[in-house]
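>>> Whatever this is, show me its structure:
(4 chains)
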4 protein chains.
Amino acid sequence: MPSVSVVGGSGYIGQEILRLVAQHPTLELKVVTSRQHDGQKISKVLPHLAGFVQGSFTGDLSKAGDADLVFVSTPHGSSFPLVKEFLAGGSKVIELGGDYRLKEEGAYERWYSHKHEDPANLAKAVYGLPELNRDLIKKAELVANPGCYATAATLALAPVVKKNLVATHSPLIIDAKSGVSGAGKEATEFTHYPNVAGNVLPYKIGKHRHAPEIQETLASLAPRSSAPSVIFTPHLVPVVRGILTTSYAPLAHGVGISAVQESFAKTYSGCAFVRLQEETPSMQQVVGSNVCAISANIVESLGGNAPTLVVVSSIDNLIKGGAGQAVQNANLMLGLKEEAGLLTPALGV
Amino acid sequence: MPSVSVVGGSGYIGQEILRLVAQHPTLELKVVTSRQHDGQKISKVLPHLAGFVQGSFTGDLSKAGDADLVFVSTPHGSSFPLVKEFLAGGSKVIELGGDYRLKEEGAYERWYSHKHEDPANLAKAVYGLPELNRDLIKKAELVANPGCYATAATLALAPVVKKNLVATHSPLIIDAKSGVSGAGKEATEFTHYPNVAGNVLPYKIGKHRHAPEIQETLASLAPRSSAPSVIFTPHLVPVVRGILTTSYAPLAHGVGISAVQESFAKTYSGCAFVRLQEETPSMQQVVGSNVCAISANIVESLGGNAPTLVVVSSIDNLIKGGAGQAVQNANLMLGLKEEAGLLTPALGV
Amino acid sequence: MPSVSVVGGSGYIGQEILRLVAQHPTLELKVVTSRQHDGQKISKVLPHLAGFVQGSFTGDLSKAGDADLVFVSTPHGSSFPLVKEFLAGGSKVIELGGDYRLKEEGAYERWYSHKHEDPANLAKAVYGLPELNRDLIKKAELVANPGCYATAATLALAPVVKKNLVATHSPLIIDAKSGVSGAGKEATEFTHYPNVAGNVLPYKIGKHRHAPEIQETLASLAPRSSAPSVIFTPHLVPVVRGILTTSYAPLAHGVGISAVQESFAKTYSGCAFVRLQEETPSMQQVVGSNVCAISANIVESLGGNAPTLVVVSSIDNLIKGGAGQAVQNANLMLGLKEEAGLLTPALGV
Amino acid sequence: MPSVSVVGGSGYIGQEILRLVAQHPTLELKVVTSRQHDGQKISKVLPHLAGFVQGSFTGDLSKAGDADLVFVSTPHGSSFPLVKEFLAGGSKVIELGGDYRLKEEGAYERWYSHKHEDPANLAKAVYGLPELNRDLIKKAELVANPGCYATAATLALAPVVKKNLVATHSPLIIDAKSGVSGAGKEATEFTHYPNVAGNVLPYKIGKHRHAPEIQETLASLAPRSSAPSVIFTPHLVPVVRGILTTSYAPLAHGVGISAVQESFAKTYSGCAFVRLQEETPSMQQVVGSNVCAISANIVESLGGNAPTLVVVSSIDNLIKGGAGQAVQNANLMLGLKEEAGLLTPALGV
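Numbering: from 1, shown residues only, chains lettered A, B, ... in the order given. Below is the predicted model:
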């Protein structure tokens, strides 16, 4: 049985990996690290996993290297030495903190306020969106697990960008709504219950790190000279899990709904976790699952402009937007069935 | 003391008018109607008003005409005979159900699925957005109280449209998020708690009635030949009160943030209920008050297109988006101070 | 592979059985009925199950009898002919609507407002709380699946009642808090989002049907002449899934915490789904799982009375309080491993 | 016009006092202190008050003494020197942090983990529950504003204790549910949105500081030798504002519902902010107002014990449970109408 370790196992993404691995038919859990909870029982720190996950956290991160694959889920900017060490030791690595997502090395300084400290591995890292990069992921030693917003938005727009169905005179506008677990486990003013409940809060307008991630991926798919522009606005909504994005794209001349739907059907043919729907997705239809639900509509402008493509996509930010996608990538990297351990339906309510 | 009646006093907008009138320094409450609760004590049907509002509902709607001004808050399509009757009887009327909002008579068939049954009064009706139409409202006999979404979106975009600061090559995109009270008091699948909690639900994409209302008002403000197009997408969010709109507008060549802010400052000079902010608005900053909070940002597109104007506005949908705006209009129509009874701050948390 | 059918498959409990059966290693799904959705695809009516459950609803309820076991999840008072028919046809039956829970035939008139129409089978029905009745369930043809509140409250109090650790001079007080899915799928004023959000609502004080169910079970466990009295107060809280009960019991003279804990440890020895905790349970620790988490505390009264036992228990009302418990019962009745298909941890957040 | 200052004006109770004073017809706001926000505009720190409250916070707490009355809303254990200083300077004082609530000096060590540092003023402090202590409050120099839970629970039980209608063989059981704003403005793990949403969380079972406060007040009302015992269990519920308590009391022999209701009617005769209801209260009926809604039921025990009195009460924890009660006390201490500035109905939804 292939073995995996989790570095940063007490954060939301880390604990979700533990939950998924506990239900996985073949993955063996080796080492789970947490500096904060060094030596504590996992079931004590994460009571919802009591009876399902055995063992204790260790604060010795190097131990994690004793596994076929290591999930590295640490705060951005902190993974470089770990990734180098685990790769050098022969483990495969999935990095979840954003340190290997952007291909352009200079972008880290602009968006993450620090230089990239491992450009050699950055050059080899594969962006872990299996629906777009499946074959590369299968052969990768290092996978950069996508951001949660980026997963939902990129899956919503990739088909029409790839097939050159959008006009480029105006930007793609992505209006995204996220549950609070996306902000992580640490209590802050931003996650304080009375500040979130009964509220909707746009934030980091034009400044969120997932914007360049989306833009870079879409640009890589677009035909030469048709790279789209992106405007991305995240909103915090009073929900624990779930991301929903509403994306607005100007259509290229003469493009109708059938061309749009064909682009989606072709791009996601054979993808178990993308669900193309007539019905507009909502968070509830996907929370608890690894599914990304997508619907596309063409809306006439009131007033005379050309019609606009409106694509709605929704995911569970901790699963398809994080831990589930990581397990999906691990399955591919370890030669397992892509869907292994992930065929759990959404809770529904 | 000027007197008012409320037709449809047991719905969310109606009961909110009762709550506001109870705190108003000069308005006298005459008749409150409800067919469903004919003869029942108001305090029994609306326990939160016990001790604050006396009297009973009557099912005899005509009685409401015995007041200087009548708030008519009935389902759309049902107000025509009432409005005619009250106007003929010498009362001023504020209609809140959407029956007199669109100037173009034909639009009712397209958006409301019925013919307009009172074109004579429609021609005289004034659109009740005091920040844009204050002087007309003062002299009006009949005011059409704006839709909740339309209030938030129109206030967000009117200044830049009026001053011709937006380009017209692409539509204005309005992505709106609303609390559930906007769907009214009747329990439906759409408002069933387990369907809403933990969820975000886009609906009526390209088909919501407030879209033509917004488009018509903005078009009326725009310089000739610059009428903007509108794309409007409403989302249900798990919140009781509050609307937040995020609007995206292409800027006309050379327009910068100072021109934008000047347009807002000028348009809303002297308006007690519009709060222009540097800080991005959230619902919490306005819920419980008659305030519309607005902030404007210019965001660089990632990828090469011209910058985009992103305006965020937020209101309490039942107050500035309904009952509060109606009382504001009533104050103007009755010669009272515009702010009378409405200077209540938001709850904050 | 043993086969099961679901009568009433579109309600919350029914759809949850479908979700669990879809993840079950051996159960085969035969027929799913819904009068309301006769002929419609399951994946259309329940979009969160698209890709996980195939087939359509049938309105022909009798077809369900073509299975080894039938889950009957219809409104109370409506199951009698169905249960008779399926039992006569040789299927085992789990009834989830409350029609076979109370042993005392006369109680149905008092608490359910109708006579029991199948006293013969009522006499044979086994109350389906596996932790108390495992051996009887294994041999049963008909199991009455317990009420959601009754499951949480009975598991919290059974050990100390059975071991005679509580005094009988005052009643056991059970203060219960439930999420809204317990009220079912039909939209009503009681489940209207604006009535529930930001609210806590006690209801049916002293009149809820789960009260006699709890009382009857506890009385059956108590030593002769020590049958406890029960006061039960349910509260609706703004949560979708989850029940938490806080139970207050007067302790028999001289009983301390170790005797209490021993009674719990013994009663639930070998029970995979009861988790005895030091830490006080919360809904979050169990929602998404079939676990009932329980903690017991002895609290000194301020003012002079004897100490009071305070037991907190929590379950997912749709799983351990409904569908999960039904699958657990089905496993026992069909000779499968009790835990089959149910070893899913809670979501945590 | 009488003047007031607020020490600790940026916490939830402090900002709520500012909101209420802004709507008060006669109180003049003098000084608002906040060490954390020294020199910052109030409208910047509390954007929901922009346009309603002028001026800046000062970090110089002594300045607050320049007012007829000072609201001292600082963390418990920190008010002693301030209270001494303001009283010595001739201001009246309302202390809201719990430092003067318990009459028994020794109780502070047990429940608050520190000695009382101002026993002289403690002896003179009046417990600020106007419905029980109105005349003493009118003459008081120092008022201890009650705890939020204590307000709701004490008002629910005082009448029947005072009139000796409860038996003393078992304790009064108070099961309380509170919104998260009661935990204060500081972000902690306990108030982290993902830990609260979709959850109910009992905490500090048998250890909450409001328990001795309730017990002491009820004991002071009870006839000699009938002092009741109290068991108090607080629960955190996913609500921002609101407390609801469900109290269970054993009835004295022969006591029926009419004696109970008479005790309530007499105790609260003339009290504008206590609303005795037939309908069971819910948080929604009071949130946004200074009202305490109460209903009483007598419930037969299932199984043979004597009937139990079940009293439900609900308040807005920040208003009647804090700032509103403080303003009510201030009105009495300053010779104003008790209801001045507080006759605002609940929001309803």
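>>> Now for chain A, the helix or strand with the poorest mean pLDDT.
In chain A, no helix or strand scores lower on mean pLDDT, DSSP states H and E than helix A:107-112, which sits at a mean of 90.
>>> buried residues in the helix or strand just after that one?
Downstream of helix A:107-112, the first helix or strand assigned by DSSP states H and E is helix A:119-124. Neighbour-count burial for helix A:119-124 flags A:N121, A:L122 (criterion: 16 or more other Cβ atoms under 10 Å in any protein chain shown). C-beta: built from backbone N, CA, C; applies to glycine.
>>> so, in contact with chain B or not, stretch A:200-212?
Yes: judged by Cβ under 8 Å from any Cβ of the partner chain, stretch A:200-212 and chain B are in contact via A:V200, A:L201, A:P202, A:Y203, A:I205, A:G206, A:A211, A:P212.
>>> gap between that stretch and the chain center?
16 Å (Cα atoms, centre = their mean, to the nearest Å).
>>> first vs last residue of that stretch, how far apart are they?
In stretch A:200-212, first residue to last residue: 24 Å (Cα to Cα, to the nearest Å).
>>> Repeat that for stretch A:159-174.
End-to-end span of stretch A:159-174 (Cα to Cα): 15 Å.
>>> For it, give the mean pLDDT please.
In this model, stretch A:159-174 has an average pLDDT of 96.
>>> Do it and chain B come into contact?
Yes: Stretch A:159-174 lies within reach of chain B by Cβ under 8 Å from any Cβ, at A:T168, A:H169, A:S170, A:P171, A:I173.
>>> And those residues, which of them are buried?
Of the residues of stretch A:159-174 next to chain B, these count as buried by 16+ other Cβ under 10 Å: A:T168, A:S170, A:P171, A:I173.
>>> would the first one count as being in a helix?
No: according to DSSP: H, G, I helix; E, B strand; the rest coil, the state of A:T168 is coil, so it is not within a helix.
>>> Can you name the residues that contact it?
A:S226, A:A227, A:P228, A:S229, A:P250, B:N305 (Cβ atoms under 8 Å, 6 or more residues apart in numbering or on different chains).
>>> With distance to C:N121 added, can I get the buried ones among the residues of stretch A:159-174 next to chain B in TSV?
Converted to TSV, these look like this (distance: Cβ to Cβ, whole Å):
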residue	distance to C:N121
A:T168	71
A:S170	69
A:P171	67
A:I173	62
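>>> the strands in chain A, which residues?
For chain A, the strands defined by DSSP state E cover A:3-7, A:28-33, A:69-72, A:92-95, A:126-127, A:142-144, A:172-178, A:201-202, A:230-236, A:243-250, A:274-276, A:292-299, A:308-315.
>>> If we go by neighbour counts, what in the helix of greatest length in chain A is buried?
Criterion DSSP state H: the longest helix present in chain A is helix A:148-162. Under the neighbour-count criterion of 16+ other Cβ under 10 Å, helix A:148-162 has A:148-162 buried.
>>> Can you tell me how far the one residue in the stretch 1-150 of chain A that gets nearest to chain D is from A:T74?
Residue of the stretch 1-150 of chain A nearest chain D, by Cβ to the nearest Cβ: A:Y12 (7.7 Å). According to Cβ to Cβ, to the nearest Å, A:Y12 stands 13 Å off from A:T74.
>>> Also A:E300?
Noted for A:E300: a distance of 48 Å to A:T74, by Cβ to Cβ.
>>> again, but for A:S295
Shown here: A:S295 relative to A:T74, a distance of 35 Å by Cβ to Cβ.
>>> hmm, back to that, now render the strands of chain A as TSV, adding distance to chain D.
Rendered in TSV, the data for the strands of chain A read as follows (distance: least, Cβ to the nearest Cβ, whole Å):
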stretch	distance to chain D
strand A:3-7	20
strand A:28-33	21
strand A:69-72	21
strand A:92-95	23
strand A:126-127	28
strand A:142-144	25
strand A:172-178	12
strand A:201-202	11
strand A:230-236	9
strand A:243-250	14
strand A:274-276	24
strand A:292-299	21
strand A:308-315	17
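>>> now those as TSV including distance to A:Q325?
Shown next, in TSV, are the strands of chain A (distance: least, Cβ to Cβ, whole Å):
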stretch	distance to A:Q325
strand A:3-7	15
strand A:28-33	18
strand A:69-72	11
strand A:92-95	9
strand A:126-127	11
strand A:142-144	10
strand A:172-178	16
strand A:201-202	26
strand A:230-236	19
strand A:243-250	12
strand A:274-276	12
strand A:292-299	9
strand A:308-315	9
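>>> Looking at those strands, spot the one closest to chain C.
Closest to chain C of the strands of chain A is strand A:274-276 (Cβ to the nearest Cβ; 6.2 Å).
>>> near chain B, anything from that closest one?
No: if you take Cβ under 8 Å from any Cβ as the test, strand A:274-276 misses chain B, and the best it gets is 15.9 Å.
>>> Tell me the span between the first and last residue of stretch A:48-64.
Taking Cα to Cα, stretch A:48-64 runs 23 Å from one end to the other.
>>> Is any residue of that stretch near chain D?
No: Stretch A:48-64 lies apart from chain D when judged by Cβ under 8 Å from any Cβ; the minimum separation is 11.3 Å.
>>> Check which residues of that stretch are buried.
Buried-residue list, stretch A:48-64, by 16+ other Cβ under 10 Å: A:H48, A:L49, A:A50, A:G51, A:F52, A:V53, A:F57, A:T58, A:L61, A:A64.
>>> residues touching the first one, list them.
Translated: A:H48. A:R19, C:Q284, C:Q285, C:V286, C:S289, C:P345, C:A346, C:L347, C:G348.
>>> correct me, but the last one touches A:Q15?
Yes: between C:G348 and A:Q15 there is a contact at 6.1 Å, judged by Cβ atoms under 8 Å.
>>> Now do the shared contacts for these two.
Counting by Cβ under 8 Å, 6+ apart, the common neighbours of C:G348 and A:Q15 are A:L46, A:L49.
>>> Just want to know which of these two has more residues nearby.
Set side by side, C:G348 and A:Q15 show more neighbours around A:Q15, with 28 against 22, by other Cβ atoms under 10 Å in any protein chain shown.
>>> Now the more buried one. Nearest residue, chain neighbours left out?
A:L46 (5.3 Å; Cβ to Cβ, 6 or more residues apart in numbering or on different chains).
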